[in-house]
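Chemist: Generate coordinates for the sequence data below:
(one chain, ligands or ions: 3)
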Amino acid sequence: MTKHKSDDHGPAQAQITDYEGPAGGWGSMKGMAAILPKEKLDPLDMANLLRRQNKTDGFQCVSCAWSKPAHPHPVEFCENGAKATAWEATGYRTSPEWLETHPVTALRDLSDYELEQHGRLTHPVRYDPATDTYRTTTWDAAFAEIGAELRRIKARDPKRAVFYSSGRASLETSYMYQLMARMYGCNNLPDSSNMCHETTGVALKKTIGEAVGTTRLDDFEHADAILFFGQNVGSNSPRMLHPLRTAVKRGCKVVTFNPLKERGLERFADPQNPLDMALGTSTPISTQYHQVKTGGDIAVLMGMCKWLIEADDAAGGKAGGSTFLDHDFLAEHTTGYEALAERARGTSWEAIEAASGLPRVDIIAAARVYAEAKAVMAVYGMGLTQHVRGTENVDMLVNLLLLRGNFGKPGAGICPVRGHSNVQGQRTVGIGHKPEHAPLDILAAQYGFKPPREEGLDTTTACEGILAGEVDAFIQLGGNFVRAIPDTYRMEAVWQSLSLTVHVATKLNRSHLLPGKIAYVLPCIGRTERDDQATGPQTVSIEDSTSCIHASIGTRKAPDGDLMSEPAIVGRLAKEILDPNPKLDWDAWVGDYRLIRTAIEATFPEKFRDYEARMHVPGGLDKGNAVRGRKWLTESGKAQIQLPTGLDSTGFADTPETLRLMTLRSNDQFNTTIYGYDDRFRGISGSRQVVLMNPEDIERLGLAADQIVGLETIYDDGHDRSVLGLRIVPYEVPIGCIGAYYPECNPLIPLKHHDIESQTLAAKSVPVRVVA
Ligand SMILES: Nc1nc2c(c(=O)[nH]1)N[C@H]1C(S)=C(S)[C@@H](COP(=O)(O)OP(=O)(O)OC[C@H]3O[C@@H](n4cnc5c(=O)[nH]c(N)nc54)[C@H](O)[C@@H]3O)O[C@H]1N2
Ligand SMILES: Nc1nc2c(c(=O)[nH]1)N[C@H]1C(S)=C(S)[C@@H](COP(=O)(O)OP(=O)(O)OC[C@H]3O[C@@H](n4cnc5c(=O)[nH]c(N)nc54)[C@H](O)[C@@H]3O)O[C@H]1N2
Ligand SMILES: [Mo]
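Modeler: Ligands and ions are numbered 1, 2, ... in the order given. A predicted model of the protein is given here:
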């Protein structure tokens, strides 16, 4: 663990209490009230800002991607959305003077929290090796030098430059960015989705033919049951608690599989509901809560399939003969059913219990709820995607839904809960490392160039490329790449060998403290802020987790200083590194974002039909999904049932000393942004240097509660990996599984420890041992 000199949040400071409150309620009100003084914000200013959050004529939240309702509450935001807005609106500034007097080497001693707490970046800065500081420069000078270096690299080989994006930039910026990279000559467009729901993209494309979720917000009104796998709704998509609560109140059953008892999945007090607030009442959310072993979901899902299939066998097993399976649907719409049935029948309950850590009665109880429901939604997050067999997790969830025709009818379907507020949209407009991620023929005709057809680098292969010395430039449109990826120490050690690092960012973070030979940090305005260009104030758009595209209009004044908007930065960079093109006027696009949207609509006429008008409609522009009409854009033209290779998704064999580490988010962070040290729902505050462990494991391994220990990765690739200084917290987590925080534990994750099919980092089951 990096020891932060000025950090008084070491393991000894951890306080552990039982949090008795529900998610939401007064706890969340208190959480919100604490934000104003912390960010030096005026209450009236903040109230005005929050009133416009997630509204049709306002701005779309910069926190999570959860669906934006057509009929929002008067206050359509949650505690964590408010934190994200306040984080951007902060009264603090990372001033040029401060940067010039703080050597980068010294800044590395600050914690993630302290770095960002200095506030917004206000001027473009260039790293000066002589003084080891970032020094203020002009945009002209910055673009000239960055442009010259990128042209030099292009002349050698454009595939030596990488264009990363974190999932926050708008559809307009993202479209420009991918076009710029492809015109430059590479598909090196890794994005945060490579660390997140890439698994979903690969699994859903292969099984049902659409790479994104199939449900819409109103499906919550029709579902009879909702299955919840590995998603922490109370912290990471809290606005979803409203439709969930409503569904539960009308009798919808919620069955949850999660190694941890997450409070938001247990009970919720609606801060918008006067009765809940006055009486201290709350709604229980989960009907059943099963603490599956980390990596045990394939086994759970196979168990549910087995029970259904065998019950169906017993009941006659054909169309009309049983109510357990939808045989008509299986026959008309799927391939591969017989193979799955055979596999399920042949898999023993003993094997399923061992791999899932759950008794068969629990799995059967879940299967019964599923079988009794006419329409079922399956909701999931990183608990399924971040495993070596993550794609197989998602495949199995699809299989289960297919058995009873739970696609293409109201209240049914699959609902991956996306992360960053526009991460799904970025892929929609062509950000992605695979040639099939963008309609290359259309782009070629639209702009008269030859797009590269070779697969580009994703986050994993980009890291491997940097380690191998095959990458020269790393451009970052948002995010904190070096902190978010696996194998932190190995990557930090080579990062500064890059010839060029460019960060477009709003706040200083650890990635900026590893400057390449030429290094810039370029400050941009945020989505909540007014964006004035040649034709006046501009609107942008984003796509939410349920494929609806919304306008977003920032009105707050951006920080004083010398900031540019993201489209303006990308447009300017494009002009520097590309030859003039008569079919494309970057300046005109930057002057009027409507022209970018016209271009997007021309590239994607079906998805973006009538874009300019429909993005303002309450509920947004639904880009559509063929699966909702039971059309399967797969190789066979049907939904394709897949067989998993085994029952375990961890990809490693346990030994007696192996613990399965899941790296977790607290309720007080947004990815690498640490808002504070209060993981309220889990009752942990004061420090993030903790490891949650089952009391039986503590005893079995001869350890003690509150002992300070280290973790060491068990991985045979010649690299030693450890994180020290973690305090043991006895916790209700399955035997053999432990939890600790992301990003502090990322040095433990080997770069090669990723989902086999999608290369998404396997951050939810890392094989480790405890070292005293
Ligand atoms: N406030 C806030 N909101 C956020 C974010 C944030 O950091 N803060 N991050 C955003 C981003 S980019 C993303 S991708 C999403 C992430 O949101 P989530 O998908 O909720 O991701 P995590 O918090 O990593 O945790 C996932 C859950 O999976 C469980 N889990 C771990 N291993 C397993 C397993 O093997 N099986 C099962 N069934 N469950 C398991 C954990 O206990 C945890 O509850 O949230 C987004 N929203
Ligand atoms: N161990 C482990 N590792 C993980 C995960 C995990 O669960 N466990 N989760 C993974 C997931 S799901 C994800 S998505 C990644 C996240 O990886 P990233 O998306 O790369 O990281 P973030 O922490 O979201 O980025 C925060 C930074 O974004 C910049 N920023 C904020 N707002 C803006 C803006 O409006 N414009 C611009 N240009 N910059 C802005 C700020 O400078 C801030 O410091 O991490 C992954 N890594
Ligand atoms: Mo994410």
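Chemist: Quickly note the distance from C737 to Y380.
Modeler: Distance, C737 to Y380, using C-beta to C-beta, to the nearest Å: 18 Å. For glycine as for every other residue, the C-beta is placed from the backbone atoms N, C-alpha and C.
Chemist: near ligand 3, anything from stretch 374-382?
Modeler: No. Using C-beta under 5 Å from the ion, stretch 374-382 never reaches ligand 3; the gap is at least 7.2 Å.
Chemist: Which residues belonging to that stretch are considered buried?
Modeler: Burial within stretch 374-382, assessed by neighbour count using 16 or more other C-beta atoms under 10 Å, is assigned to A375, V376, M377, A378, V379, Y380, G381, M382.
Chemist: of those residues, list those near ligand 1.
Modeler: Filtering the buried residues of stretch 374-382 for neighbours of ligand 1 using C-beta under 6 Å from any ligand atom leaves G381, M382.
Chemist: Rebuild the buried residues of stretch 374-382 as a markdown table, extending it with pLDDT and secondary structure.
Modeler: Shown next, in a markdown table, are the buried residues of stretch 374-382 (pLDDT from 0 to 100; DSSP: H, G, I helix; E, B strand; the rest coil):
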| residue | pLDDT | secondary structure |
| --- | --- | --- |
| A375 | 98 | coil |
| V376 | 98 | strand |
| M377 | 98 | strand |
| A378 | 98 | strand |
| V379 | 98 | strand |
| Y380 | 98 | strand |
| G381 | 98 | coil |
| M382 | 98 | helix |
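Chemist: If we only consider the buried residues of stretch 374-382, which is nearest to R343?
Modeler: Nearest to R343 among the buried residues of stretch 374-382: A378, at 19.9 Å, using C-beta to C-beta.
Chemist: Report the closest residue of the stretch 251-400 of the chain relative to ligand 3.
Modeler: Closest approach between the stretch 251-400 of the chain and ligand 3, counting by C-beta to the ion: M382, at 7.2 Å.
Chemist: what do you get for the stretch 51-200 of the chain?
Modeler: C196 (3.3 Å).
Chemist: Would you mind listing the residues in contact with that residue?
Modeler: G167, M382, T385, R418, G419, H420, V423, T760 (C-beta atoms under 8 Å, 6 or more residues apart in numbering).
Chemist: ranking the residues you listed by neighbours, who comes first?
Modeler: T385 (32 neighbours; other C-beta atoms under 10 Å).
Chemist: Could you find the closest non-adjacent residue to that residue?
Modeler: Residue nearest to T385 in three dimensions, not counting chain neighbours: T199, with 3.8 Å by C-beta to C-beta, 6 or more residues apart in numbering.
Chemist: next helix or strand past the helix or strand hosting that neighbour?
Modeler: For T199, the host element (DSSP states H and E) is helix 198-208. Counting by DSSP H and E, the element after helix 198-208 in chain order, helix or strand, is strand 225-229.
Chemist: and the helix or strand just after that following strand, what other elements does it pack with?
Modeler: Note on strand 225-229: by DSSP H and E, the next helix or strand toward the C-terminus is helix 233-236. Here helix 233-236 touches strand 23-24, helix 241-249, helix 263-266, going by 3 or more C-beta pairs under 8 Å, 6 or more residues apart in numbering; DSSP states H and E.
Chemist: of all the ones you listed, which gets the most neighbours per residue?
Modeler: strand 23-24 (a mean of 29; mean count of other C-beta atoms under 10 Å).
Chemist: And that one, what does it pack against?
Modeler: Strand 23-24 packs on helix 233-236, helix 263-266, strand 267-269, going by 3+ C-beta pairs under 8 Å, 6+ apart.
Chemist: The host helix or strand of V502 - what's its average pLDDT?
Modeler: Using DSSP H and E, V502 falls within strand 500-505. Summarised as a single mean, pLDDT over strand 500-505 is 98.
Chemist: Appreciated, that's everything.
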